[in-house]
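*Asks:* Make a model of this:
(chains A and B)
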Amino acid sequence: MPAGSPGPAAQSARRPPPLLPLLLLCVLGAPRAGSGAHTAVISPQDPTLLIGSSLQATCSVHGDPPGATAEGLYWTLNGRRLAPELSRVLNASTLALALANLNGSRQQSGDNLVCHARDGSILAGSCLYVGLPPEKPFNISCWSKNMKDLTCRWTPGAHGETFLHTNYSLKYKLRWYGQDNTCEEYHTVGPHSCHIPKDLALFTPYEIWVEATNRLGSARSDVLTLDILDVVTTDPPPDVHVSRVGGLEDQLSVRWVSPPALKDFLFQAKYQIRYRVEDSVDWKVVDDVSNQTSCRLAGLKPGTVYFVQVRCNPFGIYGSKKAGIWSEWSHPTAASTPRSERPGLGGGACEPRGGEPSSGPVRRELKQFLGWLKKHAYCSNLSFRLYDQWRAWMQKSHKTRNQDEGILPSGRRGTARGPAR
Amino acid sequence: MSRREGSLEDPQADSSVSLLPHLEAKIRQTHSLAHLLTKYAEQLLQEYVQHQGDPFGLPGFSPPRLPVAGLSAPAPSQAGLPLPERLRLDAAALAALPPMLDAVRRRQAELNPHAPRLLRHLEDAARQARALGAAVETVLAALGAAARGPRPEPPAAATAAGVFPAKVLGLRVCGLYRDWVSRTEGDLSQLVPGGPA
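*Replies:* Prediction:
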């Protein structure tokens, strides 16, 4: 069932050919006087039809000498000869064709219906456009990069398959005043997208919609209303550095710089970090790294290479209440944790989503304890930082103890021969 | 013999009179350009037929070779003309082709809007025909055989009513482009030193 309004070419109308300027014509089918050649005219010329509909066409031969006959003429459609029972001779010079239940056009330039003479030569042609009117585009989403532009994407209705060339036009206007504007830069982030590069107002809502048009009709999406400030995204954080934390085997420090493009707009940024082991495809995500430009990942596997990425969400720009849109992830940065000298140090992660349970409960309990201590005891300087420093000290003193007891450091394997000198 | 840079009367007859090096280089360059464009023109023709749908491109497809305003195909009888005259015909054809190729591109932009390569190649072909035509005229001028008087403006490009005739017309224009570029290559090869006499 066709959606949207019917278009001007919905009927297989016989339209008169357009007026032509004073040019010599090359029109297939125009008779040439005195040439002794036969040509023909197919009617209708270039009809547009709905899938499943029928077509009645005629091929009328004329030429010199007069009295050209329709006997022996035949039809082809896209190069394939049509069955004789689909044709009938209407009169001496006209062959008719009846096609039913038409399929969608094979190519967007139109299906080639050709009338042939007995010897196979081409007398005339007409292009059929068989398809569907467009359905309503939907799912419009838009974002602004650093408040400078607006890019929108949408989904075509009916999965986009109309079998006809369908033109999509993104329109926008200021909500309470102004004229309709049409986006001009299409296909910037996929086939159904458009980019508005400039002249956008802030603090005032826009109405945005998409119009789809083809030979069989048109359809319009619902209107999306938005303020540019509510859909801002930005560049990924630059200068992401990942480094070891002293000798701590299960930790890495991540530092980055806030995206410079929005630094003057007084916003609070949220960040997310994700990391994975070198030969894994599973990322672990650290959420809600709020408005700071460093983070420490803990509970990692010793002696392991990790890839780390960071992204930014600029929210609260100029007082907007809405969350912004996450940037792309930064380029991956790699670093490795120091090798462990103690066997069996397994991986945990720093507050991952679905993190490994082995260190999770310990760390959680410690956090709760420290929180309680801060409230009820006079230990205001207690923090994870102190805990990490204690752990580093513990490892160092464990190493020293091993050396004193004659156990060689890793890398120099061999049988201990008494105390080290 | 007049002190011209060279002569097309019989370039191979007097071996003691050699073309000046820069003219020789120009002829070689123009011949190389024609050779390259012959390949491009063949590719353009193949690409064009693919986008029009069958029967275009099917073996044995033979639409009527209707005349195109302002340009006819190279005729076998022209092979008997003197070389300067053949090159003048080449230059005239190459000057007539760009508006026709532009018209084909405009029509294909309506019929095949999602064929950016085809549209780009049609645009390139118009530019290349212009460049080759200008290069041939430069060679002719250097040899003192340029056409006398102003060249007539090429007629406005022909158009066709109906989509199928427009497809056929575009095929014809692409075919003419290939034929004339190939003819130009052949004619220039007779000027290239060391080439066929």
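
*Asks:* Flag the shaky bits of the stretch 51-200 of chain A, pLDDT-wise.
*Replies:* Within the stretch 51-200 of chain A, the stretches with pLDDT under 70 are A:64-68, A:159-160.

*Asks:* The longest helix anywhere in chain B - contacts with which helices or strands?
*Replies:* Counting by DSSP state H, the longest helix found in chain B is helix B:21-52. Contact here means 3 or more CB pairs under 8 Å, 6 or more residues apart in numbering or on different chains; DSSP states H and E; on that basis helix B:21-52 packs against helix B:83-111, helix B:116-142, helix B:163-189. (Each C-beta comes from the backbone N, C-alpha and C, glycine too.)

*Asks:* roughly how far is the longest one from the heart of the chain?
*Replies:* Between the centre of helix B:83-111 and the centre of its chain there are 7 Å (CA atoms, centre = their mean, to the nearest Å).

*Asks:* How about whichever residue of the stretch 151-300 of chain A sits closest to chain B: what's its closest non-neighbour residue?
*Replies:* Chain B sits closest to A:His165 of the stretch 151-300 of chain A, with a gap of 5.8 Å, by CB to the nearest CB. Nearest non-adjacent residue to A:His165, counting by CB to CB, 6 or more residues apart in numbering or on different chains: A:Gln108, 4.8 Å away.

*Asks:* Give me the number of neighbouring residues for the one you found.
*Replies:* 20 (other CB atoms under 10 Å in any protein chain shown).

*Asks:* Which residues are in contact with it?
*Replies:* Neighbour list for A:Gln108: A:164-165, B:111-114 [criterion: CB atoms under 8 Å, 6 or more residues apart in numbering or on different chains].

*Asks:* Going by secondary structure, it is in what exactly?
*Replies:* For A:Gln108, there is no helix or strand it lies in under DSSP states H and E.

*Asks:* how about the residues of chain B that lie near chain A?
*Replies:* Within chain B, the positions adjacent to chain A are B:51-56, B:58, B:61-64, B:66-70, B:111-114, B:155-165, B:167-169, B:172 by CB under 8 Å from any CB of the partner chain.

*Asks:* Specify which member of the contacts of A:Gln108 is nearest to B:Gln43.
*Replies:* Of all these, B:Gln43 sits closest to B:Asn112, with 16.4 Å by CB to CB.

*Asks:* That closest one: neighbour count?
*Replies:* Neighbours of B:Asn112 (other CB under 10 Å): 21.

*Asks:* how about the helix or strand A:Trp209 falls within, does it get close to chain B?
*Replies:* Per DSSP H and E: A:Trp209 is located in strand A:206-214. No - judged by CB under 8 Å from any CB, strand A:206-214 and chain B are separated, with a smallest distance of 11.4 Å.

*Asks:* And the next helix or strand after that strand, what does it pack against?
*Replies:* Using DSSP H and E, the helix or strand that follows strand A:206-214 in sequence is strand A:217-220. Identification of packing neighbours for strand A:217-220 by 3+ CB pairs under 8 Å, 6+ apart yields strand A:5-6, strand A:206-214.

*Asks:* Which strands border strand A:217-220, and is each parallel or antiparallel?
*Replies:* With DSSP bridges as the test, strand A:217-220 is paired with strand A:5-6 (antiparallel), strand A:206-214 (antiparallel).

*Asks:* residues contacting the closest residue to chain B within the stretch 251-400 of chain A?
*Replies:* Minimum separation of the stretch 251-400 of chain A from chain B (CB to the nearest CB) falls at A:Glu328, amounting to 26.6 Å. By CB under 8 Å, 6+ apart, the residues touching A:Glu328 are A:235-236, A:311.

*Asks:* same thing with A:Phe203?
*Replies:* So A:Phe203 contacts A:227, A:229, A:318 (CB under 8 Å, 6+ apart).

*Asks:* on that earlier part again, quick check, nearest of the contacts of A:Glu328 to A:Gly157?
*Replies:* Nearest to A:Gly157 out of the contacts of A:Glu328 is A:Arg311 (CB to CB; 32.2 Å).

*Asks:* Make sure the closest one is actually in contact with A:Pro236.
*Replies:* Yes - assessed by CB atoms under 8 Å, A:Arg311 is found in contact with A:Pro236 at 5.7 Å.

*Asks:* Which one's more surrounded, these two?
*Replies:* A:Arg311 (21 against 18).

*Asks:* Partner strands of the helix or strand where the more buried one lies and their direction?
*Replies:* Using DSSP H and E, A:Arg311 sits in strand A:305-315. Counting by DSSP bridges, the strands paired with strand A:305-315 are strand A:268-277 (antiparallel), strand A:333-336 (antiparallel).

*Asks:* And for the residue nearest to A:Gly125 when sequence neighbours are not counted, the neighbour number?
*Replies:* Leaving aside its sequence neighbours, A:Gly125 sits nearest to B:Phe164 (CB to CB, 6+ apart; 3.1 Å). Look at B:Phe164: counted by other CB under 10 Å, it has 27 neighbours.

*Asks:* mind checking how far B:Phe164 is from A:Leu216?
*Replies:* 20 Å (CB to CB, to the nearest Å).

*Asks:* before we move on, what about A:Ser253?
*Replies:* Per CB to CB, A:Ser253 is found 61 Å from A:Leu216.

*Asks:* Tell me which of these two has more neighbours.
*Replies:* Remark: of A:Ser253 and A:Leu216, A:Leu216 carries more neighbours, 26 against 16, as counted by other CB under 10 Å.

*Asks:* Can you classify the residue in the stretch 101-250 of chain A positioned nearest to chain B by secondary structure?
*Replies:* Going by CB to the nearest CB, chain B is nearest to A:Gly125 of the stretch 101-250 of chain A, at 3.1 Å. For A:Gly125, the assignment made with DSSP: H, G, I helix; E, B strand; the rest coil gives strand.

*Asks:* wait, it sits on A:Leu113?
*Replies:* Yes - the pair A:Gly125 / A:Leu113 is scored as a contact, 6.6 Å apart, by CB under 8 Å.

*Asks:* Residues that sit against both of those two, list them.
*Replies:* The contact sets of A:Gly125 and A:Leu113 overlap at A:42, B:164 (CB under 8 Å, 6+ apart).

*Asks:* Mind checking which of the two has more residues around it?
*Replies:* A:Gly125 (28 against 25).

*Asks:* any weak-confidence spans in chain B?
*Replies:* Those would be B:1-19, B:147-158, B:195-197, if you go by pLDDT under 70 across chain B.

*Asks:* A:Gly52: neighbour count?
*Replies:* 12.

*Asks:* meant to ask about A:Arg255
*Replies:* Number of residues near A:Arg255 (other CB under 10 Å) recorded here: 16.

*Asks:* Can you give me the pLDDT of it?
*Replies:* pLDDT for A:Arg255: 95.

*Asks:* quick one: contacts for it?
*Replies:* A:239-243, A:293-294.

*Asks:* Mind checking which of those are buried?
*Replies:* A:240, A:242, A:293 (16 or more other CB atoms under 10 Å in any protein chain shown).

*Asks:* so the last one makes contact with A:Val254?
*Replies:* It refers to A:Thr293. No - the criterion here is CB under 8 Å, and A:Thr293 misses it with A:Val254 at 9.3 Å.

*Asks:* still on that earlier bit, show me which positions of the longest helix of chain B end up buried.
*Replies:* Neighbour-count burial for helix B:21-52 [16+ other CB under 10 Å]: B:23-24, B:26-28, B:30-31, B:33-34, B:37-38, B:40-41, B:44-45, B:47-49, B:51-52.

*Asks:* Stretch A:179-187 too?
*Replies:* Going by 16+ other CB under 10 Å, stretch A:179-187 has these buried residues: A:Cys183.

*Asks:* related to what we said a few turns ago, which residues touch the strand holding A:Trp209?
*Replies:* A:4, A:7, A:131, A:133-137, A:140, A:142, A:150, A:152, A:154, A:156-157, A:162, A:164-175, A:200, A:218-228.

*Asks:* Show me which residues of that strand are buried.
*Replies:* Buried, per 16+ other CB under 10 Å, within strand A:206-214: A:206-214.

*Asks:* Same question for stretch B:116-131.
*Replies:* Using 16+ other CB under 10 Å as the test for burial, stretch B:116-131 gives B:118-119, B:121-122, B:125-126, B:128-129.

*Asks:* That'll do, ta.
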